[in-house]
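Enquirer: coords below, sequence missing:
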């Protein structure tokens, strides 16, 4: 079947829903394609808040937010993106409120704000209340509110459709191909502009806060075309996932006064970040936790966790402002944060890297200003690069609304100016090849086992602490897994609701993301933000203050070509020179 | 139906875990394998391309007491029968994909622990939620559910010019929406409602909870229209306060109470 829309949005999380809303405001026809029903998207799992310098609780300025974002990103953040973001997010939060988002409130009825990791006043002097929140289910409320607004606007949704191919010819995007889960039918979507907003790929790791559906599909599809993925080596481990499960425990828990303690009961963050302690950025807290564990001060059965202590906080705060994580701890660990210490460990959480874009969301085809006409990206899928080498808490929700909105606006503007491009002669041929590839092997390999080995090896070899030999080994492991994937077994041959076919396809996508990440990480011989190497333990601004662009080598399968892109070291009105990053 | 008690092996494990957290032992002290429960999972299967009607299949599984039922179902799919079909995503009770009838009760598979539904040697039975057409195995047609959702005008309405900053709302006013805005649209409530089972035109508890969220929002201006929708013969008056919805809700929303609040608002024509 064939469809035709001016603007197509892929993904129905925060970025996709915001993009769809704004594209529709631009007087063009819009449809949104999603793997899930929109309200199932993982934006809903975000808890702690969305950072904006509203100053409702304490004095704040966008310049302070910009500085924190740049420093938090270990100066790899593009400062023009950080400036646009820190200003735009203020209006964007008010706009969410005007859409009805039920924020928590201050005593005088304004949007409530709390402290969060790495967010400071006066350029690093002390933590500041910047995170605007709706209890500890801010992402849930953003997702619900944006979906509600799309229902109001009558956005067309194709739910449970899986994109299998991007139609790009002669540097121009012409639409997408998607597989309908319900029927097994392959659809061609002809479009003037396409916005990619399908989220991250945390499922390449064993312990992750990410949904099972976060498998980097569109990143892989982009990469398979020989187009670059930016900064894939920068992957955030959130310091506090529920022990063993990896389920997110919001940083808001520390914003409200929660304290991390080791097996001696010591508040160990005082040693690692004397000024802001437990509210240091996530890369630093995650490394501190792993250091404590390695030095024998972990807790729990395997000594591989630390405790988060809320017991000094009033019950009303815990059960009111932190109701979600209280429920999670009670449900999954049988522990009550009101009186128990809760064991947590770092969990794979967020991709700083992704499909490179400019400030308007336009997808870049190289590190020298080349782009793909008519193709946009936003949210975790994209790399604008707001987050640099390490994202600050709350800036992902901010990223979604600010850059989702921009992508929607600019995609619609473009679509109004152009005619429909011609479709390729046989638009579904790439998808046919993809499916044939999955079905035509010997079928002796169980996809679940390949996936498990990928997840465990990525966790061990390209995790929080990295080194050259481990990553070299991982390059070979991924090559081996990819070879086995050629003989993967698709155990369900049915046409309707074939979720097995989808899982196998997603595994293929994840292997690409793992490949690009490992190659990028091995190539970067320094430590910066979330990328920490034992064999190159310091930041090296002389050689490495630049973005990585990883390309699949289409001539030599399994090889990755590395290019680079300059970092924007200046905003439009402000610039922050790289300095040592201490908190 | 009463909850099965903790198996003795598990109680011991829980006490031990707790003790360790209290005394915070060093890592080398207690590395040992967790005890496994040998359980059976009995799943109602239906493949529209092969089956004329649904049938039970039983799978033997080793699981840990703290595993989620979703972990168990994934285990079956990944290592025993790849054709087993169900929806799932977030794995921790926020996306609302995996509502199922587990041991006769509507629950989220990812928010139900093995220890709460089976003892060692026991069986967990899993069926699709009721009242919606079964498409394949545990996956049902969600369109009618979302049609009801869309019918209640599930979006904020305030056509007055917005201020430059936020609209002011007191903490108490915001708290009025605390329960209803917590809904994840998983359909556990609506598909446990006996009225919905016999009359699919009833909007159902989930849609009413969504209506509540806007009716009791001090900033919303469409209260009258919303109350009119609730007053129609597909609306709140169909509810017979069976409380099934409240018991089924994985988010502990006091749904029946919220429905009663909406009924009262309709009766007195004000929120």
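Expert: Noted; the coordinates are in hand. Note that the coordinates shown come from a computational prediction; the quantities given were computed from them, not determined experimentally.
Enquirer: ok, residue A:73 touching residue A:395?
Expert: No: Residue A:73 is not in contact with residue A:395 according to CB atoms under 8 Å; the separation is 9.2 Å. Placement of C-beta: from N, CA and C, glycine included.
Enquirer: what sits in contact with each of the two?
Expert: A:386, A:387 (CB atoms under 8 Å, 6 or more residues apart in numbering or on different chains).
Enquirer: give me the more crowded residue out of these two.
Expert: Comparing residue A:73 with residue A:395 by other CB atoms under 10 Å in any protein chain shown, the one with more neighbours is residue A:73, at 33 against 29.
Enquirer: could you check how far the more buried one is from residue B:267?
Expert: Residue A:73 sits 56 Å away from residue B:267, going by CB to CB, to the nearest Å.
Enquirer: and the stretch 101-250 of chain B, which residues reach chain A?
Expert: For the stretch 101-250 of chain B, the contact set with chain A under CB under 8 Å from any CB of the partner chain comprises B:111, B:113, B:135-136, B:139, B:142, B:146, B:150, B:154-156, B:158, B:162, B:164-171, B:173-174, B:177-178, B:181-182, B:184-185, B:213-214, B:217, B:219-220.
Enquirer: next step: these restricted to helices.
Expert: Per DSSP state H, helices hold the following members of these: B:146, B:150, B:171, B:173, B:174, B:213, B:214.
Enquirer: check contacts around the residue lying closest to residue A:50 once chain neighbours are set aside.
Expert: Leaving aside its chain neighbours, residue A:50 sits nearest to residue A:397 (4.0 Å; criterion: CB to CB, 6 or more residues apart in numbering or on different chains). Residue A:397 is in contact with A:14, A:43, A:46, A:49, A:50, A:138, A:139, A:142, counting by CB under 8 Å, 6+ apart.
Enquirer: next one: residue A:564
Expert: By CB under 8 Å, 6+ apart, the residues touching residue A:564 are A:367, A:546, A:547, A:548, A:549.
Enquirer: for residue A:108, same thing?
Expert: Contacts for residue A:108 (CB under 8 Å, 6+ apart) come out as residue B:168.
Enquirer: thought residue A:366 was touching residue A:547?
Expert: No: contact between residue A:366 and residue A:547 fails when scored by CB under 8 Å: they sit 11.6 Å apart.
Enquirer: could you pull out the helices for the stretch 1-150 of chain B?
Expert: Along the stretch 1-150 of chain B, the segments classed as helices by DSSP state H, counting those that start in this stretch run B:8-23, B:69-79, B:114-117, B:143-151.
Enquirer: roughly how far apart are residue A:7 and chain B?
Expert: Residue A:7 is 21 Å from chain B, where distance means CB to the nearest CB, to the nearest Å.
Enquirer: I misspoke; the intended subject was residue A:451.
Expert: Residue A:451 is 8 Å from chain B, by CB to the nearest CB.
Enquirer: so residue A:100 sits right up against residue B:158, yeah?
Expert: Yes: here residue A:100 reaches residue B:158: they are 7.5 Å apart, a contact under CB under 8 Å.
Enquirer: for residue A:289, which three-state class applies?
Expert: Following DSSP: H, G, I helix; E, B strand; the rest coil, residue A:289 is assigned to helix.
Enquirer: that one: what's it in contact with?
Expert: Contacts of residue A:289 (CB under 8 Å, 6+ apart): A:239, A:260, A:306, A:344, A:345, A:346.
Enquirer: if we can go back for a sec, of residue A:100 and residue B:158, which one has the most company?
Expert: Of the pair residue A:100 and residue B:158, residue A:100 is the one with more neighbours under other CB under 10 Å, namely 24 against 15.
Enquirer: now the weakest link among the helices of the stretch 1-150 of chain B, please, by mean pLDDT.
Expert: Lowest mean pLDDT of the helices of the stretch 1-150 of chain B: helix B:8-23, a mean of 38.
Enquirer: if we can go back for a sec, which of the contacts of residue A:564 fall in strands?
Expert: Filtering these for membership in strands, criterion DSSP state E, returns A:546, A:547, A:548, A:549.
Enquirer: about what we covered before: which of residue A:366 and residue A:547 has more residues huddled nearby?
Expert: residue A:547 (25 against 14).
Enquirer: roughly how far apart are the residue lying closest to the more buried one once chain neighbours are set aside and residue B:254?
Expert: Among residues not flanking residue A:547 along the chain, residue A:565 sits closest, at 4.1 Å (CB to CB, 6+ apart). For residue A:565, the distance to residue B:254 equals 53 Å [CB to CB].
Enquirer: who has more neighbours, those two?
Expert: Legend: neighbour count by other CB under 10 Å for residue A:565 and residue B:254, higher for residue A:565 (21 against 16).
Enquirer: what about residue B:237, neighbour count?
Expert: Using other CB under 10 Å, residue B:237 has 14 neighbouring residues.
Enquirer: give the contact list for it.
Expert: B:231, B:263.
Enquirer: ok, now residue A:26?
Expert: With CB under 8 Å, 6+ apart, residue A:26 has these contacts: A:7, A:408, A:409, A:412, A:413, A:415, A:416.
Enquirer: cool, and residue A:574?
Expert: By CB under 8 Å, 6+ apart, the contact set of residue A:574 is A:63, A:66, A:67, A:79, A:83.
Enquirer: please repeat the previous calculation with a cut-off of 6 Å.
Expert: residue A:63 (CB atoms under 6 Å, 6 or more residues apart in numbering or on different chains).
Enquirer: and the gap between it and residue A:532?
Expert: On the measure of CB to CB, residue A:574 and residue A:532 end up 28 Å apart.
Enquirer: which element is residue A:543 on?
Expert: helix A:541-544 (DSSP states H and E).
Enquirer: in that helix, what counts as buried?
Expert: A:541, A:544 (16 or more other CB atoms under 10 Å in any protein chain shown).
Enquirer: again, but for stretch A:430-437
Expert: A:430, A:431, A:434, A:435.
Enquirer: looking at the residues you listed, which are in helices?
Expert: Among the buried residues of stretch A:430-437, the members falling in helices (DSSP H) are A:430, A:431, A:434, A:435.
Enquirer: does the first one touch residue A:166 like I think?
Expert: The one in question is residue A:430. No: between residue A:430 and residue A:166 there is no contact under CB atoms under 6 Å: 8.6 Å.
Enquirer: could you tell me which residues touch both of the two?
Expert: Counting by CB under 6 Å, 6+ apart, nothing touches both residue A:430 and residue A:166.
Enquirer: in chain A, where's the longest helix?
Expert: Ranked by residue count, the top helix of chain A under DSSP H comes out as helix A:499-523.
Enquirer: show me what that helix is packed up against.
Expert: Counting contacts by 3 or more CB pairs under 6 Å, 6 or more residues apart in numbering or on different chains; DSSP states H and E, helix A:499-523 is packed against helix A:217-224, helix A:447-461, helix A:468-485, strand A:546-552.
Enquirer: one more time with 7 Å
Expert: helix A:217-224, helix A:447-461, helix A:468-485, strand A:546-552, strand A:560-566 (3 or more CB pairs under 7 Å, 6 or more residues apart in numbering or on different chains; DSSP states H and E).
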